[in-house]
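J.: Need the 3D shape of this:
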Amino acid sequence: MSQDRETRGFQAEVSRLLHLMVHSLYSNREIFLRELISNASDACDKLRFRALDDAELLENDPEPWIRLSVDKDEGTLTIADNGIGMNREEVVDNLGTIARSGTEKFLASMTGDRRKDAQLIGQFGVGFYSAFIVAGRVEVFSRRAGDPADQGVRWESDGEGEFTVETIERPQRGTAVVLHLRDDAKEFLDDQKVRATVQQYSDHVAFPILMPTPAETGGEGEDGTSEWQTINSATALWQRPRQEISDEEYQNFYRHLSHDFQDALTWSHNKVEGALEYTSLLYVPARAPFDLYHREASRGLKLYVQRVFIMDDAEQFLPLYLRFVKGVIDAPNLPLNVSRELLQDYGPVRKIRAALTKRVLQTLKKLGNDEEKYATFWSQFGEVLKEGIGEDPDNREAIAALLRFPSTEDVRPGAVGLDQYLERAGEKQDKIYYLLADNLNAARNSPHLEVFRKKGIEVLLLTERVDEWMAGYLGEYKGCKLVNAARGQLDMDQEDQERADQDKQAPLIGRLSDSLGDQVAEVRPTSRLVDSPACLVLAEDELGPQMRMMLEAAGQPVPDSKPTLEVNLAHPLLKRLEGIEESATFTELAELLLDQALLAEGQLPSDPAATARRLNRLLQERADQS
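T.: Residues are numbered from 1 along each chain as shown. Now for the predicted structure:
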């Protein structure tokens, strides 16, 4: 007899996700079965792990199973398991709310385009709620392992905003999800359709997926219960030899593991034997998760020990900059009672981490041979990979070889690698030049590039927020120093530099210095400019704009600094300035020169209103002369 029946409303995010899912995933609706089987598999995994410490949780049913059954008369498809199960509180929490960071941001990213939304929903992980893609009503019966039979729970909803929950008698531990199929989903009442869907999407599940034996083969035992037939391989895919696994099987396992709708870009399956024994199956996704930059987001590999599931997100096996990698690590020599704290400082884990990191980097290097796939990878994860330059000094050279940038030769994002840059530069050039800017347009039009274009020297264009930090840690690559085109004095051409040194004594330099005063650290002649009158240059030890923004965003103190103004004395504007005797006019024009140099860098003048007034006066004078 049921008791404590109550009706509750879904969390607002659940209601919205349900609506989006039913409308966006209609054409991919077979995935509901994959998702529900995946949940059942996880429940069996969790029970097997808990039973290591408490064998009584297994009750009288020690072997894990997942059962699928069809009732054509009732129009239902049931997915049941004898896993860990849920109590009443867990049912309400797990089936009525989404306790996941970034949910609001994820929902805000929905566009109304079914195809794009389907990819995003898959990335988010549809899980249990995928049941409503095919079902007009869903019932869930569950009892947590170890709880008495009178503490079972029944949950029911039509997915329209509310659900009911009640306590029931349930002898069987685990969970059964009963789908009351809509008229347009009756195809899933066909045993053969269900079997085919399982074999396509869930054959790799490590537990037996069972269906009743077909009637014509004698489907009932002496007690009237169904005899069950295993319809999947029921073998952990990563334990099978690589040569026996098809690409389609690898991709299906990836989708099971990640809940992604898209194929992985590539993967690495490897078994190591000896003193350090483990098997790894690592995937590189084609799309970044929406919470890639959320610090609290779950990440890491699925960990098994002696083929027993231990944890979902063991982040200790890969560094943070490879947090996009999905996969499984099965390490039979680790202790079964391993904890996150032990993983952090355990010697064998550190060795596995080092080996897996190198394997991922080698996999990415191999992926680089496919220009199209690598461009996809770089567009999604390039900025994260750059973090490794500072975080992983042992692999810095290998990571640097994977970096890609736009450049003055090819402005496509991620078009140019450092090896390609050095190959084009030739042996005479011993430096790698780069320019930092807020965006690609600002970089392409920067006056700092003028002398490089004149001399035919390629410059990498670095526009992402992590680039200045990354370049500072990299320093050099294959013996070639990285040089910021906007920092310090350039020494590309000795003749140009000697001319600039001689011009330091020009009277105009002194007048500009006096007029600008403490607004600049120095005014000096330039060897970098060809067509522009002036530019700003950073000192060698000065923070650039990207680092300043990062520190300010983090609430860190930012040291005061003043730019150096370099001027092109050969420019007509500077020639005109040289002939202006009146002090106030000269000062105003000198300040405009500084303002336009700031604007060319993508920065605002310290007093934009004053800049506007100067321009207005200049325009008025010009108009009066016309």
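
J.: mind listing what's buried in stretch 239-254?
T.: Of the residues in stretch 239-254, those buried by neighbour count under the rule 16 or more other CB atoms under 10 Å are 245, 250, 251, 252, 253, 254. Every C-beta, even on glycine, is put in place using the N, C-alpha and C of the backbone.

J.: That stretch: how far from the chain's middle?
T.: Here stretch 239-254 shows a centroid-to-chain-centroid distance of 24 Å under the convention CA atoms, centre = their mean, to the nearest Å.

J.: can you check stretch 163-170 too?
T.: The chain centre lies 39 Å from the centre of stretch 163-170; the measure is CA atoms, centre = their mean.

J.: what's in contact with it?
T.: By CB atoms under 8 Å, 6 or more residues apart in numbering, the surrounding residues in contact with stretch 163-170 are 1-8, 10, 88, 91-92, 95-96, 141-143, 149-157.

J.: quick one: low-confidence parts of the stretch 301-450 of the chain?
T.: Applying pLDDT under 70 to the stretch 301-450 of the chain picks out residues 337.

J.: Tell me where it has helices.
T.: For the stretch 301-450 of the chain, the helices defined by DSSP state H, counting those that start in this stretch occupy 340-345, 347-367, 371-391, 396-400, 418-425, 440-444, 450-455.

J.: Of the buried residues of stretch 239-254, which belong to helices?
T.: 250, 251, 252, 253, 254 (DSSP state H).

J.: can you put the buried residues of stretch 239-254 in JSON lines and add pLDDT?
T.: Shown next, in JSON lines, are those (pLDDT from 0 to 100):
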{"residue": "245", "pLDDT": "93"}
{"residue": "250", "pLDDT": "94"}
{"residue": "251", "pLDDT": "93"}
{"residue": "252", "pLDDT": "88"}
{"residue": "253", "pLDDT": "90"}
{"residue": "254", "pLDDT": "92"}
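
J.: can you count the residues close to residue 302?
T.: Using other CB atoms under 10 Å, residue 302 is surrounded by 20 other residues.

J.: err, residue 571, not the other one
T.: Applying other CB under 10 Å, we find 17 residues neighbouring residue 571.

J.: That one touches residue 532, doesn't it?
T.: Yes - using CB atoms under 8 Å, residue 571 makes contact with residue 532 at a distance of 7.2 Å.

J.: Can you tell me which of the ones in helices among the buried residues of stretch 239-254 is closest to residue 290?
T.: Residue 290 lies nearest to residue 254 out of these, by CB to CB, at 18.2 Å.

J.: Pretty sure the closest one sits against residue 269.
T.: No - using CB under 8 Å, residue 254 makes no contact with residue 269, being 11.2 Å away.

J.: count of neighbours near the closest residue to residue 519 other than its chain neighbours?
T.: Leaving aside its chain neighbours, residue 519 sits nearest to residue 594 (6.4 Å; criterion: CB to CB, 6 or more residues apart in numbering). Residue 594: 24 surrounding residues under other CB under 10 Å.

J.: before we move on, what SS does residue 594 have?
T.: Counting by DSSP: H, G, I helix; E, B strand; the rest coil, the backbone at residue 594 sits in helix.

J.: which residues touch it?
T.: Residue 594 neighbours (CB under 8 Å, 6+ apart): 516, 519, 520, 534, 565, 605.

J.: rerun at 10 Å
T.: Going by CB atoms under 10 Å, 6 or more residues apart in numbering, residue 594 touches 512, 515-516, 519-520, 523, 534, 536, 563, 565, 567, 605-606, 611.

J.: Which of those residues sits closest to residue 340?
T.: Distance to residue 340 across the contacts of residue 594 (CB to CB) is lowest for residue 563, with 47.5 Å.

J.: Residue 509 contacts residue 525, correct?
T.: Yes - the pair residue 509 / residue 525 is scored as a contact, 6.5 Å apart, by CB atoms under 10 Å.

J.: Reduced to three states, what does residue 276 come out as?
T.: Assignment for residue 276 (three-state DSSP): coil.

J.: show me the residues around it that make contact.
T.: 331, 333, 347, 348, 351, 352, 355.

J.: would you list the residues you listed in a markdown table and tack on neighbour count?
T.: Below are the contacts of residue 276 laid out as a markdown table (neighbours: other CB atoms under 10 Å):
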| residue | neighbour count |
| --- | --- |
| 331 | 23 |
| 333 | 12 |
| 347 | 8 |
| 348 | 15 |
| 351 | 13 |
| 352 | 24 |
| 355 | 16 |
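
J.: Switch the residues you listed over to JSON lines; also include distance to residue 214.
T.: Converted to JSON lines, the contacts of residue 276 look like this (distance: CB to CB, whole Å):
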{"residue": "331", "distance to residue 214": "41"}
{"residue": "333", "distance to residue 214": "44"}
{"residue": "347", "distance to residue 214": "53"}
{"residue": "348", "distance to residue 214": "48"}
{"residue": "351", "distance to residue 214": "51"}
{"residue": "352", "distance to residue 214": "46"}
{"residue": "355", "distance to residue 214": "48"}
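
J.: circling back: which neighbours do residue 571 and residue 532 share?
T.: residue 526.

J.: Now do the strands for the stretch 401-550 of the chain: every range, in order, please.
T.: With strands called from DSSP state E, counting those that start in this stretch, the stretch 401-550 of the chain shows them at 404-405, 416-417, 431-436, 460-462, 476-477, 480-484, 522-525, 534-537.

J.: And the average pLDDT for the fifth one is what?
T.: The average pLDDT within strand 476-477 is 96.

J.: what about the stretch 101-250 of the chain, any weak spots by pLDDT?
T.: The stretch 101-250 of the chain contains residues with pLDDT under 70 at 101-126, 215-226.

J.: Please, where are all the strands along it?
T.: 135-143, 152-157, 162-168, 174-181, 209-212, 228-230.

J.: would a markdown table of these with mean neighbour count be doable?
T.: Putting the strands of the stretch 101-250 of the chain into a markdown table (neighbours: other CB under 10 Å) gives the following:
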| stretch | mean neighbour count |
| --- | --- |
| strand 135-143 | 22 |
| strand 152-157 | 23 |
| strand 162-168 | 18 |
| strand 174-181 | 22 |
| strand 209-212 | 21 |
| strand 228-230 | 15 |
